[in-house]
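Trainee: next come a sequence and a model predicted from it.
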Amino acid sequence: MSDRPDWSRAPASTIARSVAEGSVAASDVAAAALARIARIDPQVNSFTDILSERAMARAEAVDAARGRGETLGPLAGVPFAVKNLFDVAGLPTRAGARINRERPPAARDAALIRRMEAAGACLVGALNMGEYAYDFTGENVHDGDTKNPHDLGHMSGGSSGGSGGAVAAGLVPLALASDTNGSIRVPSAFCGCFGLKPTYGRLSRAGSFPFVGSLDHLGPMARSSLDLALAYDAMQGPDPEDPACVVRPPEPTVAGLDAGIGDLRIAVAGGYFACRGHPEAFAAVDHVARALGCSRRVEIPEAARARASAYLITAAEGAALHLDRLRTRASDFDPAVRDRLIAGAMLPAPFVERAQRFRRWYRAAVLELFGEVDVILAPATPCRAPRSGQKTFLLDGVEWPVRANIGLFTQPISFIGLPVVAVPVWLDGGLPLGVQVIAAPWREAVALRVAHELERAGAVRAPVATLEPET
Amino acid sequence: MPAPLTEPPTPDLDAFAAHAADMLGLTLNSAWTAAVVANLRVLREAADLVGAFPLPDEAEAAPVFTA
């Protein structure tokens, strides 16, 4: 028994290959994942819904398809889970909110769940998140906080805290999440896993609960760049049900993942991205740059204004989305979310319009930079995961609120929809850090190649956290 | 060249929040006011930073943002 593979912690790529070869049944993999979730998750609190029957039925269908000699999809038998803002048929789409659990159950799955399952993956549950995704901490007053699997006394990061927690704890090899201002990249950094925030408009958001329509992205989180690429490839493709989803043919990335970095022009972001952080945040970037043989630095122009603009647009658009609920159900919100949304509702319109106009300018300026370089490296967060409940941190000697400022390095990037792979760096015995591998629009393949090369070189890794069942 | 900045009067954000809440049909619980005003202050600083950047009149926001 002891030399059998532990399918509950196996990579997606290994599971899919093994299921396709017949060396393991998808139903055995699903059962192992569900058993591990039951044993381990009470400590991490990453799941809000566990879909045992559905997962087993789906896995048995995969096994039956193999039994009939059918060709299985690239994610055959791979367990995955989704942030609970994805519609899951039969569940109210709670989006981390108390108010939303009164919604009627979703009639059908979100588009990306359907695409993952079409590729053979098996949904095992829905994951905890910060209320309405307005969060960088992983805290939730309704469902409890997601704990960091690598140190349960620290934040998971958010708002996709359950996604980061579930992947890092080895409960699933793949999780889907959303990123409006950093909500994939922050928990990837704090929990030490890989996260892909694709180009704005690349992956369909149909059937997901929105936050800021002009900034919302969906993407995968995983423990390897290959697993990210497998999931990303399975989910690409236009979707008329998402008005922002582009009509662009899929551009598969798995086949080119081993291409190496070749003559890619890679640079480290200086200026804004080299201050207001703990030394280890910049040491992580240096570590990645050294592994890539990169010594060049570039300046992303006006990044502070870009971040400020994203902040304004987020507050205003988020508030507009929730205005009716703020009028009638204000006391049912998480107070930290409610107070920010109310302030956002009060923003004078010219402030927001100015931010949108600046966005156009900034986009053009950064695209010009991509004429000189192919990849830009920047910290994902200004620090390691803060302690649970920590309200402020010191950045360059100034005390800042944690909740609003964890994303100060991610916001200027998602503001113009650039694709990013967050890669996990372990500098010493402490908690992990994340580095953003940023590419030009529609060049997800480039960012994934760089992440894969870093992984191959041993510079980045996403180990399963050591967690024992509670006694 | 950046446009010269004139120092506007410091707004009374407590009063602004109260009036804006009326305008928006929001009930502002007194226990929340301080936090709402603190958030307004941060948003105003962000707006000042963005507003200080000179943009030509022709710099229009894209009707549909594309990366």
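Mentor: Done, it's in.
Trainee: tell me which parts of chain B are close to chain A?
Mentor: By CB under 8 Å from any CB of the partner chain, the residues of chain B that approach chain A are B:16-17, B:20-21, B:24-29, B:32, B:35-40, B:42-43, B:45-47, B:49-51, B:53, B:55, B:59-62, B:64-67. Backbone N, C-alpha and C define where each C-beta goes, glycine included.
Trainee: what's the neighbour count on residue 35?
Mentor: Answering for chain A, as no chain was given. A:A35 has 12 neighbouring residues, counting by other CB atoms under 10 Å in any protein chain shown.
Trainee: switch to chain B, that's the one I care about
Mentor: Other residues close to B:A35 by other CB under 10 Å number 16.
Trainee: among the residues of chain B next to chain A, the buried ones, what's the PyMOL command?
Mentor: Typed into PyMOL, the next command selects the buried ones out of these (criterion: 16 or more other CB atoms under 10 Å in any protein chain shown):
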select buried, chain B and resi 17+20+21+24+26+28+32+35+36+37+39+40+42+43+46+47+49+50+51+53+59+61+65+67
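Trainee: so which of the residues of chain B next to chain A sit within helices?
Mentor: Judged by DSSP state H, those include B:16-17, B:20-21, B:24, B:32, B:35-40, B:42-43, B:45-47, B:49-51 as members of helices.
Trainee: spell out which parts of the stretch 351-471 of chain A neighbour chain B.
Mentor: Checking the stretch 351-471 of chain A against chain B by CB under 8 Å from any CB, the hits are A:351, A:353-361, A:363, A:404, A:416-418, A:441-442.
Trainee: A:V44 against A:V172, yeah?
Mentor: No. In this structure, A:V44 is not within contact of A:V172 by CB atoms under 8 Å, at 11.7 Å.
Trainee: neighbour count for these two, which is higher?
Mentor: Taking other CB under 10 Å, A:V44 and A:V172 do not tie; A:V172 has more neighbours (31 against 27).
Trainee: contact partners for the more buried one?
Mentor: Listed by CB atoms under 8 Å, 6 or more residues apart in numbering or on different chains, the contact set of A:V172 reads A:A33, A:I37, A:P79, A:F80, A:A81, A:V124, A:A166.
Trainee: going by secondary structure, it is in what exactly?
Mentor: Here A:V172 sits in a region with no helix or strand, counting by DSSP states H and E.
Trainee: three-state assignment of A:D143?
Mentor: coil (DSSP: H, G, I helix; E, B strand; the rest coil).
Trainee: where does pLDDT dip in the stretch 351-471 of chain A?
Mentor: The model of the stretch 351-471 of chain A has pLDDT under 70 over residues A:469-471.
Trainee: tell me where it has helices.
Mentor: Using DSSP state H, counting those that start in this stretch, the helices of the stretch 351-471 of chain A run over residues A:402-405, A:411-414, A:444-456.
Trainee: how near is the residue most central in space within chain B to A:S225?
Mentor: In chain B, the centroid-proximal residue (CA atoms, centre = their mean) is B:R44; its distance is 4.1 Å. Distance of B:R44 to A:S225, computed by CB to CB, to the nearest Å: 41 Å.
Trainee: what do you get for B:N29?
Mentor: Look at B:N29 and A:S225: by CB to CB, they are 47 Å apart.
Trainee: also A:F190?
Mentor: A:F190 is 19 Å from A:S225, by CB to CB.
Trainee: A:Y272 too?
Mentor: Distance from A:Y272 to A:S225, by CB to CB: 27 Å.
Trainee: where does A:G277 fall, phi/psi-wise?
Mentor: Phi and psi for A:G277, reported as degrees, to the nearest 10, are phi -150, psi 160.
Trainee: could you tell me how many residues sit around it?
Mentor: If we define neighbours as other CB under 10 Å, then A:G277 has 21 of them.
Trainee: residues contacting it?
Mentor: Applying CB under 8 Å, 6+ apart to A:G277 gives the contacts A:P379, A:T381, A:P382, A:C383, A:L395, A:D396, A:F409.
Trainee: and which of these is nearest A:E453?
Mentor: The closest of the contacts of A:G277 to A:E453 turns out to be A:P379 (CB to CB; 19.3 Å).
Trainee: so what's the residue count around the closest one?
Mentor: 30.
Trainee: and if you look at A:P104?
Mentor: Using other CB under 10 Å: A:P104 sits among 7 other residues.
Trainee: OK, contacts around it?
Mentor: With contact set as CB under 8 Å, 6+ apart, A:P104 has these partners: A:P92.
Trainee: quick one, helices of the stretch 151-300 of chain A?
Mentor: Under DSSP H, counting those that start in this stretch, the stretch 151-300 of chain A gives helices at A:161-168, A:185-191, A:225-235, A:279-291.
Trainee: just put the ones you listed in a markdown table and tack on mean pLDDT, distance to A:I261 and mean neighbour count.
Mentor: Shown next, in a markdown table, are the helices of the stretch 151-300 of chain A (pLDDT from 0 to 100; distance: least, CB to CB, whole Å; neighbours: other CB atoms under 10 Å in any protein chain shown):
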| stretch | mean pLDDT | distance to A:I261 | mean neighbour count |
| --- | --- | --- | --- |
| helix A:161-168 | 98 | 25 | 35 |
| helix A:185-191 | 98 | 21 | 36 |
| helix A:225-235 | 98 | 13 | 27 |
| helix A:279-291 | 98 | 10 | 19 |
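Trainee: show me where pLDDT drops low in chain B?
Mentor: The model of chain B has pLDDT under 70 over residues B:1-8, B:63-67.
Trainee: and if we set it to 90?
Mentor: Scanning chain B with the threshold set as pLDDT under 90 gives B:1-11, B:58-67.
Trainee: re the thing from before, now for A:V44 and A:V172: what residues contact both?
Mentor: Counting by CB under 8 Å, 6+ apart, the residues touching both A:V44 and A:V172 are A:A166.
Trainee: do I have it right that A:P335 meets B:W32?
Mentor: Yes. With contacts counted by CB under 8 Å, A:P335 reaches B:W32, the gap being 7.2 Å.
Trainee: name all residues that make contact with the residue nearest to the centre of chain B.
Mentor: B:P11, B:L13.
Trainee: thinking again about what came up before, filter the residues of the stretch 351-471 of chain A next to chain B down to the buried ones, PyMOL style.
Mentor: Here is the PyMOL command that picks out the buried ones among these, judged by 16+ other CB under 10 Å:
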select buried, chain A and resi 351+354+355+356+357+358+359+360+361+363+404+416+417+418+441+442
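Trainee: may I have stretch A:25-43 as PDB, with CA atoms only?
Mentor: Output of stretch A:25-43 as PDB, limited to C-alpha atoms (Å, rounded to 0.1, in the frame of the first residue of the first chain):
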ATOM      1  CA  ALA A  25      -9.300   5.200 -12.200                       C
ATOM      2  CA  ALA A  26     -10.600   8.700 -12.100                       C
ATOM      3  CA  SER A  27     -13.000   7.600  -9.400                       C
ATOM      4  CA  ASP A  28     -10.100   6.500  -7.200                       C
ATOM      5  CA  VAL A  29      -8.500   9.900  -7.700                       C
ATOM      6  CA  ALA A  30     -11.700  11.700  -6.900                       C
ATOM      7  CA  ALA A  31     -12.200   9.600  -3.800                       C
ATOM      8  CA  ALA A  32      -8.600  10.300  -2.600                       C
ATOM      9  CA  ALA A  33      -9.100  14.100  -3.200                       C
ATOM     10  CA  LEU A  34     -12.400  14.100  -1.300                       C
ATOM     11  CA  ALA A  35     -10.900  12.100   1.600                       C
ATOM     12  CA  ARG A  36      -8.000  14.500   1.800                       C
ATOM     13  CA  ILE A  37     -10.300  17.500   1.800                       C
ATOM     14  CA  ALA A  38     -12.300  16.000   4.600                       C
ATOM     15  CA  ARG A  39      -9.100  15.300   6.700                       C
ATOM     16  CA  ILE A  40      -7.200  18.500   6.100                       C
ATOM     17  CA  ASP A  41      -9.500  21.300   5.100                       C
ATOM     18  CA  PRO A  42     -11.000  21.900   8.600                       C
ATOM     19  CA  GLN A  43      -7.600  23.500   9.400                       C
END
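Trainee: buried ones in that stretch?
Mentor: Neighbour-count burial for stretch A:25-43, with 16+ other CB under 10 Å as criterion, is recorded at A:25-34, A:36-37, A:40-41, A:43.
Trainee: what is the burial count for A:F273?
Mentor: Residues contacting A:F273 under the criterion other CB under 10 Å number 28.
Trainee: having no further points to raise, I will conclude here.
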